[in-house]
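>>> Dropping the sequence and predicted coords here.
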Amino acid sequence: MTNDFFEKEQKHYVSIFLKAHCLNEHELQNLEPDKVESWQWFALDNLPDNLFLPLKRLIEKQCYLYKEIID
């Protein structure tokens, strides 16, 4: 979970991240194309620079982790 303040936009985000396992080899589908333009997959060591702040903080471990729940 991250807790982020965007002063310029006057917004506050509490973002909850979940870990899931795919049980089969079906390819993921965008079921809301009117809301999501596309998905892209990146290696963790090759992420783009323009990440959404809560995601950036999660990756940098600037977040609250509840390992007993997600592992």
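Yes, it's here.
>>> backbone phi and psi for Ser15, please?
With angles defined as degrees, to the nearest 10, Ser15 sits at phi -110, psi 130.
>>> so who does it touch?
Met1, Thr2, Asp4, Pro54, Leu55, Leu58 (CB atoms under 8 Å, 6 or more residues apart in numbering). Using the backbone N, CA and C atoms, a C-beta is placed for each residue, glycine as well.
>>> Now intersect the residues you listed with the strands, please.
Among these, the members found in strands (DSSP state E) are Thr2, Asp4.
>>> Separate out the buried members of the contacts of Ser15.
When the contacts of Ser15 are checked for burial by 16 or more other CB atoms under 10 Å, the buried set is Thr2, Asp4, Pro54, Leu58.
>>> Name the nearest residue to the last one, ignoring sequence neighbours.
Meaning Leu58. Take Leu58 and drop its neighbours on the chain: the residue closest to it by CB to CB, 6 or more residues apart in numbering is Phe17, 5.5 Å away.
>>> count of neighbours near the residue nearest to Pro48 when sequence neighbours are not counted?
Nearest non-adjacent residue to Pro48, counting by CB to CB, 6+ apart: Phe42, 6.8 Å away. Using other CB atoms under 10 Å, Phe42 has 9 neighbouring residues.
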